[in-house]
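In: Compute the structure for the input listed below.
(chains A and B)
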2 protein chains.
Amino acid sequence: MTQNPGLLSGVTVIDLTRVLAGPYASMLLADLGARVIKVEAPESGDDSRGFGPMHAGTSTYFASVNRGKESIALDLKAEDDRAILFDLLERADVLIENFRPGVMERLGLDWPALENRFPRLIYASVSGFGQTGPYRDRAAYDIVVQAMSGMMSVTGSPGAPPARVGTSLGDIGAGTFLALGISAALFSRERTGKGGMIDVGMLDCQIALHENAITRHVATGEVPGPMGNKHPLIAPFQAFRTADTWIVIAAGNDKLFRTFTNAIGRPELAGNPLFVSRLMRQRHHQALEVEIEQTLTTRTRDEWLALLRAAGIPCGSINTIADLIHDPQVKARNMVCETRNSTGETFAVSGNPIKFSAFADTAKRGPVPDLDQDRERILAELYGKGD
Amino acid sequence: MTQNPGLLSGVTVIDLTRVLAGPYASMLLADLGARVIKVEAPESGDDSRGFGPMHAGTSTYFASVNRGKESIALDLKAEDDRAILFDLLERADVLIENFRPGVMERLGLDWPALENRFPRLIYASVSGFGQTGPYRDRAAYDIVVQAMSGMMSVTGSPGAPPARVGTSLGDIGAGTFLALGISAALFSRERTGKGGMIDVGMLDCQIALHENAITRHVATGEVPGPMGNKHPLIAPFQAFRTADTWIVIAAGNDKLFRTFTNAIGRPELAGNPLFVSRLMRQRHHQALEVEIEQTLTTRTRDEWLALLRAAGIPCGSINTIADLIHDPQVKARNMVCETRNSTGETFAVSGNPIKFSAFADTAKRGPVPDLDQDRERILAELYGKGD
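Out: Predicted coordinates:
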């Protein structure tokens, strides 16, 4: 078995998904202890196996979200292979798919087709716009839902060209909500004995990730725009220039603001009527920024970080990925883990952010499967050995 | 009862959290059918009740993530109120807290203090850096973990000042992973009979949301930087200017690229050796962008959207929140829902992105609680009426 024990130990997931949203969901389930059997198209498998850059013959893209899974190649249109899929489903708890709506129907594998035979199955779909509504048949990719959801409209700098969130939040967000829905459905099934179908749309998930932009807009008429590195409602809560590079500081409430202005030797700012309350600081954030940067640009980032940390002010550096992987907290929390491909070459991957008291949190993740590598073992489990 | 039936119906959550990461997690649980009893500090309650803009006397910030919960005010340092908390915990499944590590310990409410008395309890903590490691005692807010995780280093436009993700992904991401951990722990408890402690750190969650940046960096040495509105590995997968405003287009694979170049009347681009493969298009994405914009700037966005959709090319407009809420797909999926405060005033809030076949997905969410509004009913449940 490739996975560590965890909260979902004992759960078997049949995973028909490709590329990102679905594979990310099943990776989260594998990190929580589920057994994930990745069913791939014969010959080339998951498209993302070909996505560069490659390392030791394996796609870094594929490795990052498919470690800890098993692989079997099945042609979903061929009778023999379909029989294997059905035999797998007899023993499975969850089926995940991220085809365009309608594809599973044409394959005779949609939930209404499976429900009577597998009433305890949790059938989980993730698609661009979900299984219903006027756009259900449209394809969507990450940037399309980041754009349509308003996520891009609040990200980036005012006046600059629109910016996307630098991770594929359109897919990753949907994958996370899918994993949440599956876990909740597994709980529910323990009590009711019944499975059912989960329908997650990428656009819906971007909307769910909006904090309060929708509530604020409808209540006030204000249209939220990009705020660069600032918070729309709190100041100072942003990046500032120092003598060498940027620093981020979050000193939004009155108490932290007073402590902050004392720490940087500008106590008069807390007494300035322009900055005297949360609301006033937000209203005059530009004037406040000028005042603060005047002082912060006199020393380096690291000098300020040491001084502000000593005073208990939440602050930090804007790390690159290269900085991040050497951070002692990141190491202490096993958030950069190691996996291997079939040639034994190692890959760095993100860790599991859900730490649970009953299970060890190891820095090793199960290996990256080659296409169809687990076929024989899986068939032996289903049909016995040596027949 | 304030919540709709769902996958977590029958689950009771005692929620000690304030502001965002914790309340977002418990809101997701409420949307899935759990009963959430929000325990607030007497007098002013959750800090975010004071966060503007206000609407009909209620904070839009608070309303957006606390609809569908009950509220009781308890002083966790007062003996009488602590007795009520313990009586609530006797009947609860989950306790959520987002205090700085150490605070629950000082209150005698940490997991080791509760474990013997409540062995079936799922004790869920969310904090800036988690309960372990060298930074555990540091406070963190959204922008601090967005910065330290590298999320800001890949977001925004090259050469522009650093940009944060426009939603508070530091909190929202952590809240989502916390809800996932809680749901998986509820499943596990059905099988093992045992509770346990979940420890989620906001920084860890940002790292988990990185798609493949860590894997790519360690394998190749390349340090991912901000890509504006482009995908780091795929082209065209970005925003383009048209005659009036921006459009996003995702035509990354060879087949979609050919269809796209035909659709815009530039079939020669697909034959150009510079753009002939995924890898070549990525390498020459600037030249490709110039060619494509030359054509796209000849017509308006809406003309291109109609033409590209007819050809099956994934594309979309960069909606503002004001555009979003009128979108027919968003309406069809109930992703902008309605809630009310105690005066009956309505608020627009995000909907539940996890649709499940066994439950209706309504466009109404439970009301926004006033501080301590459910005290009498909750005490009557615990101790009987009229005593």
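In: quick one: low-confidence ranges for the stretch 1-150 of chain A?
Out: Scanning the stretch 1-150 of chain A for pLDDT under 70 picks out A:1-3.
In: tell me which element A:Ile14 is part of?
Out: If you go by DSSP states H and E, A:Ile14 is part of strand A:12-15.
In: Sheet partners, orientation included, of that strand?
Out: Here strand A:12-15 has these sheet partners by DSSP bridges: strand A:35-40 (parallel), strand A:94-97 (parallel).
In: what's the most buried one of these?
Out: strand A:94-97 (a mean of 26; mean count of other Cβ atoms under 10 Å in any protein chain shown). Every C-beta, even on glycine, is put in place using the N, C-alpha and C of the backbone.
In: Excluding its own residues, what touches it? List them.
Out: With Cβ atoms under 8 Å, 6 or more residues apart in numbering or on different chains as the test, strand A:94-97 has contacts from A:11-17, A:22, A:25-26, A:29, A:34, A:89, A:104, A:109, A:114, A:121-126, A:178, A:182, A:186.
In: Give me the buried entries from those residues.
Out: Buried subset of these (neighbour count, 16 or more other Cβ atoms under 10 Å in any protein chain shown): A:11, A:13-17, A:22, A:25-26, A:29, A:34, A:89, A:104, A:109, A:114, A:121-126, A:178, A:182, A:186.
In: can you tell me how far the residue nearest the centre of chain A sits from B:Met151?
Out: Centroid check for chain A by Cα atoms, centre = their mean gives A:Ile172 as the closest residue, at 3.7 Å. Distance, A:Ile172 to B:Met151, by Cβ to Cβ, to the nearest Å: 11 Å.
In: who touches both of the two?
Out: B:Leu209.
In: and the end-to-end length of stretch A:339-353?
Out: By Cα to Cα, to the nearest Å, the extent of stretch A:339-353 from end to end equals 16 Å.
In: Now do the same contact list for the residue nearest to A:Met227 when sequence neighbours are not counted.
Out: Leaving aside its sequence neighbours, A:Met227 sits nearest to B:Gly166 (Cβ to Cβ, 6 or more residues apart in numbering or on different chains; 6.5 Å). Going by Cβ under 8 Å, 6+ apart, B:Gly166 touches A:Met151, A:Ser153, A:Val154, A:Thr155, A:Gly156, A:Val165, A:Pro224, A:Pro226, A:Met227.
In: JSON lines for these, including pLDDT, secondary structure and neighbour count?
Out: Formatted as JSON lines, the contacts of B:Gly166 follow (pLDDT from 0 to 100; DSSP: H, G, I helix; E, B strand; the rest coil; neighbours: other Cβ atoms under 10 Å in any protein chain shown):
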{"residue": "A:Met151", "pLDDT": "97", "secondary structure": "coil", "neighbour count": "30"}
{"residue": "A:Ser153", "pLDDT": "96", "secondary structure": "helix", "neighbour count": "24"}
{"residue": "A:Val154", "pLDDT": "96", "secondary structure": "helix", "neighbour count": "23"}
{"residue": "A:Thr155", "pLDDT": "96", "secondary structure": "coil", "neighbour count": "26"}
{"residue": "A:Gly156", "pLDDT": "95", "secondary structure": "coil", "neighbour count": "28"}
{"residue": "A:Val165", "pLDDT": "97", "secondary structure": "coil", "neighbour count": "30"}
{"residue": "A:Pro224", "pLDDT": "95", "secondary structure": "coil", "neighbour count": "22"}
{"residue": "A:Pro226", "pLDDT": "94", "secondary structure": "coil", "neighbour count": "21"}
{"residue": "A:Met227", "pLDDT": "89", "secondary structure": "coil", "neighbour count": "20"}
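In: Out of these, which comes closest to chain B?
Out: Taking Cβ to the nearest Cβ as the measure, chain B lies nearest A:Val154 of these, at 3.0 Å.
In: And chain A, what are its domain boundaries?
Out: According to automatic domain parsing, chain A comprises the domains A:12-209+A:327-383, A:237-241+A:246-317.
In: Please work out which of those domains is packed deepest.
Out: Most buried among these, given mean count of other Cβ under 10 Å as the contact rule, is domain A:12-209+A:327-383, at a mean of 22.
In: Now do that one: distance from first to last residue.
Out: Domain A:12-209+A:327-383 has an end-to-end distance of 17 Å (criterion: Cα to Cα).
In: same question, stretch A:155-173
Out: Start-to-end span of stretch A:155-173 (Cα to Cα) is 16 Å.
In: Also stretch A:211-230?
Out: Using Cα to Cα, one end of stretch A:211-230 lies 15 Å from the other.
In: buried residues in that stretch?
Out: For stretch A:211-230, by 16+ other Cβ under 10 Å, it's A:211-219, A:224, A:226-230.
In: roughly how far is it from the heart of the chain?
Out: In this view, stretch A:211-230 has its centroid 23 Å away from the chain centroid, taken as Cα atoms, centre = their mean, to the nearest Å.
In: Likewise for stretch A:293-301?
Out: 35 Å.
In: gap between A:Leu288 and chain B?
Out: The span separating A:Leu288 from chain B equals 15 Å under the rule Cβ to the nearest Cβ, to the nearest Å.
In: Quick one: name whatever helix or strand follows the helix or strand that A:Ser71 is a member of.
Out: Using DSSP H and E, A:Ser71 maps to strand A:70-73. Using DSSP H and E, the next helix or strand after strand A:70-73 towards the C-terminus is helix A:79-91.
In: Thanks again, I'm all set now.
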